[in-house]
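Participant: how would this look folded up:
(chains A, B and C)
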Amino acid sequence: MTRVGLLLGLAVIATAPLWVWNPYQLHTLIMAGIFAVLALSLNLLLGYTGQLSLGHAAFFGIGAYATGLLTVKLEWSPWIGLLASAVLPAIAGYVIGRLALKLRGAYFVLLTISFAGCVSLVSVNWMDLTNGPLGIPGVPPVEIALPGLPALSLRTKAAYYYLVLAGVALAYLVCLALIRSRVGRALVALRENETLAASVGIDATHYLVLAALISAGMAGFAGGLYAHYTRFVSPEVFLFTYTVTMVIMVVAGGKGTLAGPVVGAVLFTVLPEALRAATSWQWQMLLYGVLLLVVLFCMPAGIVPTLRGARLRGRTS
Amino acid sequence: MDQLLQHLLNGLLLGATYSLLGIGLTLVFGLMNVVNFAHGEFYTLGAYAAFAALTLSSVNFFLAIPVAIVVGALAGAICERCLLRPMRGQSIDTVMLVMIAVWIAMQNAELLGWGGVAKSVPTPFSTQPLVLGAVSVAPLRVFVFVISGLLILGAHLLLARTKLGRAMRATFQDHETAALMGVSIERIHTITFAFGAGLAAAAGALLGPVFLLYPSMGDLASLKAFSVVILGGLGNFAGAALGGLVLGVAEELGAGYVSSGYRDAVGFLMIVAVLLLRPSGLFARAERVG
Amino acid sequence: MKRAIRALSLALASALAMWTPSAHAQDAVKIGVIEPLSGPVAASGNYVRMGAEIARDWINAKGGVLGRKIDLLIEDNKSDPKEAATAAEKLIVRDKVPVIMGAWGSSMTLAAMPKLEEYGVPMVVETSSAATITKRGNPWIFRISPPSEMEALGLEKYLKDFGIKQADFLAVNTDWGRGSVGAFGDLLKRSGASVGAVEYMDQAATDMNAQITKVKAGSADTLFLTTSVEQITLVLKQAQEQRLTRKVITTGGSSSPSQLIKQAGAAAEGSYHILFFLPWFPEAMPDGKLAKAFVDEWAKRGHPFEGLTEGFRGHDGVLTAVEGIRIAGKAEPKAVQAALWNVNVMGLNGPIKFEKDGPAGKESGQSKPSIFIVQVKDGKIALPAFAAKK
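Facilitator: Numbers count the residues shown, from 1 in each chain, chains lettered A, B, ... in the order given. Coordinates of the predicted model:
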């Protein structure tokens, strides 16, 4: 059952552009994929180190602007843009991590909010660099240009879906490798009991900064994917609602697991769209809030952990 | 010089409003450890409640404020009883998410109920400004400043001098011992949250007439409240009051002398500085609640 | 890992199952509408929606278009470009609309533009003011609102009457505010006046005292104010509190002077407002009868009078879109796009006819709307003496 289930699941996901019956739903899946990468990145910090960053939209935005500026103003290749969209926020994450990770809990949260606020203001006011509120339109689509073959522009939805899918897989694998390594074990030790971990020689700041760096880079990469898909970058990428959405996906999906954020991302991207189709604009977000409460009350530990727990109980009974 | 005086006056008046926003949250966030993203929504609720009382039932302006406080406190109590109490054992993030859901639901309900058009609240004060030498100020804002001060003082006295206040402080310092001493923990949680919500609603009722009423007015309020709480130190009442004033003056001077576009950045940078250099808050004393 | 894939597929399947194919009346012609119906500019977005609904009902009462009724599919862009793009996608792909009207804010419109090009569907832009919208080379854009540069030109003929020597600017920190500062600043410099302080305010800000104190300390004689009515109310009230005695000119057409008088009272006295519709003097509009009928219908529906200065945009947008469908002869996007170039219709603001704007071969359509100025005098709206003459 499990092997067949696994293959079936993989087949479903891999062939989505064929059976998803209209491009609008494919669009939703692509956005879900981008948010999945974002949720995985936030989960690294929140789920595995226990520190909540409410400024992750800043890394997302820096990534989007990095690739937007490089590909539009300097006309570099979008692949370099995507690389920059991961590297530049990672550097920012390192700096913030070094500064902030002496703090814990609520203080860390507020520092991240302030950081995001500052970055947002810079993007709106520094017109010469970012074009301010007018944004950067015309971000080029990603192209695969192998020597000797004609350039394959990833302009179509199906092509972009596979790019985003590859991005999600990459992010997932990076997280998986990290969690299974010594670094991952150190992070979990820190989350469970920092004093004890420190007493056996685990340098909290070093590992937390590493997690922050990777987390920021991943969030920025999601921003790069977003920029090349929507082809327009504006200061609204720093909107707090992006951070809130990320947090909902991670916590409701199940933090501290790897499947949780992905499930959360898909569910909470598809849900508003399903509501948009099912109800009028007045009720869409109100129902969203109510449904969120329902999910939280039924599955307070998160969707994936609750389902796993139910399965385990089912097995032993 | 005149410009500087006016900026300082502006800053103090603005800061008083920030203080009022912060003290309610510092109780809930500082004592109960609940990241209350819906704090701004209780502020909005208070503003609309006062508006409703004034326009729908022609209540006297000065009575509308207590009405708003009662409405806010009730809403807070219901929220605590029905949503937070069942979630008591859950992680801080899950509770935070519950408050986010409340935030989304409340704001969209306001939008649905009142519509997106901004409303202005009629006040009995003249719009002619009071002129004090080189600076001028509207009588309404002086009123708001005075009432804010009284509310902050009153809340402080309640916490510091009354039996209820002692029970609240005891509960959040040490649950088990407080329970052993006969304090009803459940009731104290509900009362504390209601208290915080009531203060937010008071801020809304006071500030609604100064500005305008619209469903998303609480978003900015929440953000400023969190900033004030950090500046003053979690759970530090006097700190929040002073922190609000500091934030208001800093923002005003930053906008006046540095750049109006980066105005909010002043607040953020101050928070960053405080967090890195003095995380327990600018005004931390040896004895802290919670 | 297996659990992840299974959970994921389950979530996917159940979520997709929630969708049903679009179930609208098969014979109605659908027009998409994307506006900010929640968030800080919810009022403006809703006024445009109300105007659009009046246009829909009038058109349907006259038999609709091509023998079919029209149906407005209204989406909320929540002042978020991502939402605007998603709403456009949904309207085009799921609902198969032949034409869209939207998306109010320039960032929202710019975000939706790639979708228009991807699927080949025209959009009537009813409010956005950023110049780039029609200069980007997107042949699916047809704008009936004036870019800031055109608005500034509309003011040019009155400049001498205003007698401006130096003006300060206070604008909302968005593309609209910044574009306005640029356009009117250039106008002033061209005419020999100078620009004083340039201050901005965040879209959600409520306290502008710092900016006002700074403006007061300068020596300008005029203040240009570009933002929506809520912030204008606050600025005027706070300016009154600080005893700022400048000539105030608001730009952008979102100042809703009636609401200003109601909410700012004496603080609004003497201020000038650039508008694109005059609900107080419908007879003075290019089509007086149509304007009067619109004002009356708006009142009949119980909509606030203050919203008329923005609601007309919804009406003119839908009118333009429907005219495009009528000329095309079918509700098909490419035909409608070609037909929009031949539209020549009288809207509430004035004649709507598109001229080419932007790079050759990929021009967008830009109409030349009428620009008006009013003044608040003795607590009422009046045409300034110099404007009434011309």
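
Participant: Give me the phi and psi angles of the residue in the stretch 101-250 of chain C that chain B sits nearest to.
Facilitator: Residue nearest to chain B within the stretch 101-250 of chain C: residue C:210 (3.4 Å; CB to the nearest CB). (C-beta placed from N, C-alpha, C; glycine too.) Backbone torsions of residue C:210, given as degrees, to the nearest 10, read phi -60, psi -50.

Participant: One more: the one 10 residues further on?
Facilitator: The phi/psi pair for residue C:220 (degrees, to the nearest 10) reads phi -70, psi 160.

Participant: Neighbours of it, how many?
Facilitator: 21 (other CB atoms under 10 Å in any protein chain shown).

Participant: That one is in contact with residue C:246, isn't it?
Facilitator: Yes - counting by CB atoms under 8 Å, residue C:220 does reach residue C:246; the two are 6.9 Å apart.

Participant: Give the residues shared as contacts by the two.
Facilitator: Residues touching both residue C:220 and residue C:246 (CB atoms under 8 Å, 6 or more residues apart in numbering or on different chains) are residue C:168.

Participant: that older thread, so who does the closest residue in space to the residue of the stretch 101-250 of chain C closest to chain B that isn't next to it in sequence touch?
Facilitator: Distances taken as CB to CB, 6 or more residues apart in numbering or on different chains place residue B:255 nearest to residue C:210, at 3.4 Å, with adjacent residues excluded. Neighbouring residues of residue B:255 by CB under 8 Å, 6+ apart: B:263, B:266, C:210, C:211, C:214.

Participant: follow-up on the earlier one: thinking the residue of the stretch 101-250 of chain C closest to chain B is in contact with residue B:263, fair?
Facilitator: Yes - under the criterion of CB under 8 Å, residue C:210 makes contact with residue B:263 at 7.0 Å.

Participant: so of the contacts of residue B:255, which ones are in helices?
Facilitator: Members of those lying in helices (criterion: DSSP state H): B:263, B:266, C:210, C:211, C:214.

Participant: circling back to that earlier point, what's near enough to touch the residue of the stretch 101-250 of chain C closest to chain B?
Facilitator: Going by CB under 8 Å, 6+ apart, residue C:210 touches B:7, B:10, B:251, B:252, B:253, B:254, B:255, B:256, B:260, B:263.

Participant: Kindly confirm whether my reading is correct that the last one touches residue C:202.
Facilitator: Right, the one you point to is residue B:263. Yes - Residue B:263 is in contact with residue C:202 according to CB under 8 Å; the separation is 7.1 Å.

Participant: More neighbours: the two, which one.
Facilitator: Neighbour comparison, residue B:263 and residue C:202: the larger count goes to residue B:263, with 27 against 20 (by other CB under 10 Å).

Participant: Could you tell me the model confidence score at residue C:6?
Facilitator: With respect to pLDDT, residue C:6 scores 54.

Participant: phi, psi of residue 239?
Facilitator: Using chain A here. According to degrees, to the nearest 10, residue A:239 has phi -60, psi 140.

Participant: That one: neighbour count?
Facilitator: When counting by other CB under 10 Å, one arrives at 20 neighbours for residue A:239.

Participant: residue contacts, it?
Facilitator: When contacts are counted by CB under 8 Å, 6+ apart, residue A:239 touches A:57, C:80.

Participant: go on, residue B:46?
Facilitator: Neighbouring residues of residue B:46 by CB under 8 Å, 6+ apart: B:68, B:69, B:71, B:72, B:200, B:201, B:202, B:203, B:204, B:205, B:208.

Participant: Let's see if you can find the most crowded of the residues you listed.
Facilitator: That'd be residue B:200 among the contacts of residue B:46, by other CB under 10 Å, with 38 neighbours.

Participant: Which of the three states applies to the residue nearest to residue C:210?
Facilitator: helix (DSSP: H, G, I helix; E, B strand; the rest coil).

Participant: Over to residue C:375?
Facilitator: Going by three-state DSSP: residue C:375 is strand.

Participant: okay, the closest residue to it other than its chain neighbours: pLDDT?
Facilitator: Sequence neighbours aside, residue C:384 is the residue nearest to residue C:375 in space, at 4.7 Å (criterion: CB to CB, 6+ apart). pLDDT, residue C:384: 85.

Participant: Now for residue C:224, which secondary structure element holds it?
Facilitator: Using DSSP states H and E, residue C:224 falls within strand C:222-226.

Participant: And that strand, what does it pack against?
Facilitator: If you count contacts as 3 or more CB pairs under 8 Å, 6 or more residues apart in numbering or on different chains; DSSP states H and E, strand C:222-226 packs onto strand C:166-172, helix C:175-190, helix C:229-241, strand C:247-250.

Participant: So is the second one next to chain A?
Facilitator: Yes - judged by CB under 8 Å from any CB of the partner chain, helix C:175-190 comes into contact with chain A at C:175, C:177, C:178, C:179.

Participant: quick revisit: a markdown table for the contacts of residue B:255, including distance to residue B:185?
Facilitator: Shown next, in a markdown table, are the contacts of residue B:255 (distance: CB to CB, whole Å):
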| residue | distance to residue B:185 |
| --- | --- |
| B:263 | 43 |
| B:266 | 41 |
| C:210 | 45 |
| C:211 | 49 |
| C:214 | 52 |
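
Participant: Residue 110: helix or strand, and which one exactly?
Facilitator: Looking at chain A here, since you left the chain open. Residue A:110 belongs to helix A:105-125 when assigned by DSSP H and E.

Participant: should've been chain C
Facilitator: Using DSSP H and E, residue C:110 maps to helix C:106-119.

Participant: Would that helix count as contacting chain B?
Facilitator: No - using CB under 8 Å from any CB, helix C:106-119 never reaches chain B; the gap is at least 15.9 Å.

Participant: what does the average pLDDT come to for that helix?
Facilitator: On average, helix C:106-119 scores 91.

Participant: Below-threshold pLDDT in chain C: ranges please.
Facilitator: Across chain C, the ranges flagged by pLDDT under 70 are C:1-26, C:387-390.

Participant: again, only using 80
Facilitator: C:1-26, C:39-40, C:385-390 (pLDDT under 80).

Participant: Please name the residues that touch the residue of it found nearest chain B.
Facilitator: Ranked by CB to the nearest CB, the top residue of chain C for proximity to chain B is residue C:42, at 2.6 Å. Residue C:42 makes contacts with B:111, B:115, B:116, B:117, B:214, B:215, B:216, C:36, as judged by CB under 8 Å, 6+ apart.

Participant: Considering these, which possesses the most neighbours?
Facilitator: Tallying neighbours with other CB under 10 Å puts residue C:36 at the head of the contacts of residue C:42, with 28 neighbours.

Participant: give me the number of residues near the closest residue to it other than its chain neighbours?
Facilitator: Excluding its sequence neighbours, the residue lying closest to residue C:36 (CB to CB, 6+ apart) is residue C:45, at 3.9 Å. Residue crowding around residue C:45 was assessed by other CB under 10 Å; the count is 30.
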